[in-house]
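>>> One predicted model, sequence on top.
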Amino acid sequence: MAKIIATLAKNIKFYRAKLGMTQEDLARKAGINRSHLANIERQALNPSLTTIDRLAEAIDLTASELLKPLDK
């Protein structure tokens, strides 16, 4: 389980930076609190499927794309 959470955190940071978004920007667009997003990016929180879907939609990806490792 830890691997998928690490992948999610890495991908969120990567795509957020690629789009030039701050945590506040992405959180607002996804309808979540900035501190909630920060905890996800730090792997201090396991987000719900709904939150993963909202984050993916906010950066124009599907949830499965957001969970797919970038290294492969």
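Perfect, I can see it now. Numbers count the residues shown, from 1 in each chain.

>>> Need the residue closest to the centroid of the chain.
residue 12 (3.5 Å; Cα atoms, centre = their mean).

>>> Please identify which helix or strand holds it.
Here residue 12, judged by DSSP states H and E, is contained in helix 2-18.

>>> Need the residues that contact that helix.
22-23, 25-26, 37, 40-43, 46-47, 52, 55, 59, 61, 66-70 (Cβ atoms under 8 Å, 6 or more residues apart in numbering). Where C-beta positions appear, they are placed from N, C-alpha and C, glycine not excepted.

>>> after that helix comes which helix or strand?
From helix 2-18, the next helix or strand downstream (DSSP H and E) is helix 23-30.

>>> Among the contacts of helix 2-18, which are located in helices?
23, 25, 26, 37, 40, 41, 52, 55, 66, 67 (DSSP state H).

>>> Now do the same contact list for residue 41.
Residues near residue 41 by Cβ under 8 Å, 6+ apart: 9, 12, 13, 23.

>>> now swap in residue 66 and tell me
Residue 66 makes contacts with 8, 11, 12, 15, 52, 55, 56, 59, as judged by Cβ under 8 Å, 6+ apart.

>>> repeat for residue 39
Residue 39 touches residue 45, counting by Cβ under 8 Å, 6+ apart.

>>> Residue 67 too?
Applying Cβ under 8 Å, 6+ apart, the residues contacting residue 67 are 4, 7, 8, 11, 52.

>>> Give me the buried subset of the residues you listed.
7, 8, 11, 52 (16 or more other Cβ atoms under 10 Å).

>>> Low-confidence bits of this structure, can you list those?
Within the chain, the ranges that satisfy pLDDT under 70 run 1, 72.

>>> Quick check: chain neighbours aside, which residue is closest to residue 31?
Excluding the flanking residues, the one nearest residue 31 by Cβ to Cβ, 6 or more residues apart in numbering is residue 54, at 5.8 Å.

>>> Could you report the distance from the one you found to residue 65?
Going from residue 54 to residue 65 by Cβ to Cβ, to the nearest Å gives 14 Å.

>>> Which one's more surrounded, these two?
Taking neighbours as other Cβ atoms under 10 Å, residue 54 and residue 65 compare with residue 54 leading, 18 against 12.
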